[in-house]
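Trainee: sequence isn't available, so here's the structure alone:
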Ligand SMILES: Cc1cc2nc3c(=O)[nH]c(=O)nc-3n(C[C@H](O)[C@H](O)[C@H](O)COP(=O)(O)OP(=O)(O)OC[C@H]3O[C@@H](n4cnc5c(N)ncnc54)[C@H](O)[C@@H]3O)c2cc1C
């Protein structure tokens, strides 16, 4: 999976969590929480969906790496290597 | 024998909320419900061709589409329900009505604020101070100490009438304690009623329940009706499963119970956690674990919309006495205060088929229970209009006319009459327009939900973390401390997250 696809994977999950939210203008360097209506319950869901869709496990202690799209890419690059984007 | 990741006791709002979360993440989960209809305290029934809701005057916690950080939005995200799907329509306005004083409020908080400033000019600053204290308080901090709301509110507002008027709606819609509330509960209710406000789907609670059941089934969850849990099985420290009324045994890693704290304790056959006195909100040993607050409700079908009789409000919280008394009455009912709901006065796209006025009063479970029961037939109030007589939801078809039955029926008739008279200071006389009446009592509530004492808001002792004292058994819903339709669903969701999904994520092989 390319870096761009990793971002798409995360945004795809956020869209499913909150279909009423506009995700078209996310700044990938900025914290997701500051741009979108995401609380800790939603981060649990991002983690659960990553596991369900991509078989990727994010331990509790690593949640901080999901703060922005860029940090997601850095953290998930190895874990998502060789996986297909699920739409 | 079937083994589940999780067994959920009860197909009410909390059980269904928890069930959806677990099924969504591929947990093997079953919801067990004793009754043959889902919904629990907020269910529905048919009566003489009419569709009535048991609960649902109003859904509290209204939030417009896209509103950020509010309970309703959080709930929709967690259950993957789109805002549109709820089909919410807002109230017009509601009121707190006292002899000689009325405070209007709506989903725009400024209305209440200006009403307080108009009627209680001396208290306007105090009211703003309470508002700030509520706004600044984080009710989601489950480890915060328990404080008494009355003490805090009275430190800002010195007029007891205004204090009572503010407490009245919050207590009626969510207090398990008599004449006071835990501060965190006060905050939850204040935000959900005064900041956020009321709405309802056109089709009432059926619509919400249908959404939940569909989501749950689609996610692969199993739902078993007429499957009462007779016993929770433990090995002393750990819950391992349940035994059903029919003797069948099911095992599970986790059991989530929405039956209530006292009721769940009974199912385990042990006292959960520490003694009541230690758990009481303020170390007050007089607070017993079984809730004392139950209600009667009469549903009046009118021959025309309430608005045409001159009733403008959606909901009226009223009181006729000098001090508002939110406590178990010595008599069967206390009709000196109550809630009057006009479902047709929500801003609905279509007038509902039935024009309803619903009246809720505080009632004493033990007194109702002492009347020997079974069916209750409530003749229409006005002989002139005299429609067919009404039967309440507890009625057993063909039940013999016994003396006991006559007692129950007579009591209903008596209190129906009193209740209808006692609202007349707050709404025009609707009685000549009543064509059909149904009434349910604390006994009905216990019968259909299993809640001891018909306690709609459960035990005054809440288990905010859900922990029951037994590993693998958690309290969800009303007695976890979040109630009402939205609160109960969020309770189920957050407990399923905390005790199953998060835990599972923590133990998975990296
Ligand atoms: C008359 C009335 C009006 C109300 N009006 C409103 C309103 O306008 N707005 C609002 O937000 N809230 C309202 N409520 C409150 C709201 O309905 C409740 O707070 C909420 O539904 C509680 O949900 P719960 O899941 O915690 O519990 P419950 O709904 O009680 O669910 C528990 C379920 O467990 C089942 N059960 C119990 N024991 C067992 C067992 N041993 N085995 C199997 N199943 C079992 C019960 O049958 C029940 O279905 C009202 C309630 C009433 C009674």
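Mentor: Now that the structure is in, tell me what you want to look at. Note that the structure is a prediction, hence the values are computed from the model and not measured.
Trainee: and the residue nearest to residue B:220 when sequence neighbours are not counted, how many neighbours?
Mentor: Once flanking residues are discounted, residue B:220 sits nearest to residue B:23: 5.1 Å by CB to CB, 6 or more residues apart in numbering or on different chains. The way it works is simple: take the backbone N, C-alpha and C, and place the C-beta from them, glycine included. Neighbours of residue B:23 under the rule other CB atoms under 10 Å in any protein chain shown: 25.
Trainee: residue of the stretch 351-500 of chain B closest to chain A, please.
Mentor: residue B:497 (5.9 Å; CB to the nearest CB).
Trainee: circling back to that earlier point, my read is the residue nearest to residue B:220 is in a strand, agree?
Mentor: No: counting by DSSP: H, G, I helix; E, B strand; the rest coil, residue B:23 is not found in a strand; it is helix.
Trainee: distance check, the residue of the stretch 351-500 of chain B found nearest the ligand against residue B:53.
Mentor: Going by CB to the nearest ligand atom, the ligand is nearest to residue B:477 of the stretch 351-500 of chain B, at 2.4 Å. Taking CB to CB, to the nearest Å as the measure, residue B:477 falls 18 Å from residue B:53.
Trainee: the two: which has the busier surroundings?
Mentor: Each of residue B:477 and residue B:53 has its neighbours counted (other CB under 10 Å); residue B:477 has more, 31 against 21.
Trainee: residues in contact with the more buried one?
Mentor: When contacts are counted by CB atoms under 8 Å, 6 or more residues apart in numbering or on different chains, residue B:477 touches B:10, B:12-15, B:258, B:260, B:458, B:483, B:488, B:491-492.
Trainee: mind running it again at 7 Å?
Mentor: Applying CB atoms under 7 Å, 6 or more residues apart in numbering or on different chains, we find residue B:477 in contact with B:12, B:14, B:258, B:488, B:491-492.
Trainee: max pairwise distance over those: which two?
Mentor: Using CB to CB, those reach their maximum pairwise distance at B:12 and B:491, which is 10.3 Å.
Trainee: could you list the contact residues of chain B toward chain A?
Mentor: B:25-26, B:65-66, B:68-69, B:73-74, B:77-78, B:80, B:82-83, B:497, B:501-502, B:505-506, B:508, B:510 (CB under 7 Å from any CB of the partner chain).
Trainee: near the ligand, which residues of chain B?
Mentor: B:9-15, B:32-35, B:40-42, B:54-60, B:228-229, B:258-259, B:263, B:267, B:295, B:297, B:445, B:449-451, B:456, B:477-478, B:483-485, B:488 (CB under 6 Å from any ligand atom).
Trainee: from those residues, which land in strands?
Mentor: Among the residues of chain B next to the ligand, the ones falling in strands (DSSP state E) are B:9, B:32, B:229, B:295, B:297.
Trainee: now, of the residues you listed, which are buried?
Mentor: Listed as buried from these are B:9, B:32, B:229, B:295, B:297; burial here means 16 or more other CB atoms under 10 Å in any protein chain shown.
Trainee: residue contacts, the third one?
Mentor: With contact taken as CB under 7 Å, 6+ apart, residue B:229 is in contact with B:9, B:32, B:242, B:244, B:267.
Trainee: what does the fourth one give?
Mentor: Under the criterion of CB under 7 Å, 6+ apart, the contact list for residue B:295 reads B:360-363, B:442, B:456.
Trainee: could you rerun that using 8 Å?
Mentor: B:360-363, B:442, B:445, B:454, B:456.
Trainee: how near is it to residue B:177?
Mentor: 15 Å.
Trainee: can you check the first one too?
Mentor: Taken as CB to CB, the spacing of residue B:9 relative to residue B:177 amounts to 25 Å.
Trainee: swap in residue B:38?
Mentor: For residue B:38 relative to residue B:177 (CB to CB), the value is 28 Å.
Trainee: any stretches of chain B with poor pLDDT?
Mentor: B:270-288, B:372-404, B:509-510 (pLDDT under 70).
Trainee: state which helix of it is the longest.
Mentor: Ranked by number of residues, the top helix in chain B under DSSP state H is helix B:403-422.
Trainee: packing partners of that helix?
Mentor: Under the contact definition 3 or more CB pairs under 8 Å, 6 or more residues apart in numbering or on different chains; DSSP states H and E, helix B:403-422 sits against strand B:294-302, strand B:333-341, strand B:355-363, strand B:377-378, strand B:434-440.
Trainee: and these as a markdown table, adding distance to residue B:220?
Mentor: Formatted as a markdown table, these follow (distance: least, CB to CB, whole Å):
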| stretch | distance to residue B:220 |
| --- | --- |
| strand B:294-302 | 36 |
| strand B:333-341 | 37 |
| strand B:355-363 | 37 |
| strand B:377-378 | 44 |
| strand B:434-440 | 35 |
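Trainee: quick one: which of these is nearest residue B:469?
Mentor: strand B:294-302 (26.4 Å).
Trainee: tell me the strands beside that closest one, with direction?
Mentor: strand B:355-363 (antiparallel), strand B:434-440 (antiparallel) (DSSP bridges).
Trainee: using the three-state scheme, assign the residue of chain A found nearest chain B.
Mentor: Chain B sits closest to residue A:37 of chain A, with a gap of 4.0 Å, by CB to the nearest CB. When classified by three-state DSSP, residue A:37 comes out as coil.
Trainee: do the same with the one 10 residues further on
Mentor: Classification of residue A:47 using three-state DSSP returns helix.
Trainee: just the pLDDT for the nearest residue to residue A:27 once chain neighbours are set aside.
Mentor: Take residue A:27 and drop its neighbours on the chain: the residue closest to it by CB to CB, 6+ apart is residue A:35, 6.6 Å away. If you check residue A:35, the pLDDT there is 93.
Trainee: so what's the most centrally placed residue in chain A up against?
Mentor: With distances taken as CA atoms, centre = their mean, residue A:10 lies nearest the centre of chain A, 3.0 Å away. Listed by CB under 8 Å, 6+ apart, the contact partners of residue A:10 are A:46, A:66, A:69, A:72.
Trainee: what does residue B:466 give?
Mentor: Residues counted as contacts of residue B:466 (CB under 8 Å, 6+ apart) are B:474-476, B:480, B:495, B:498-499.
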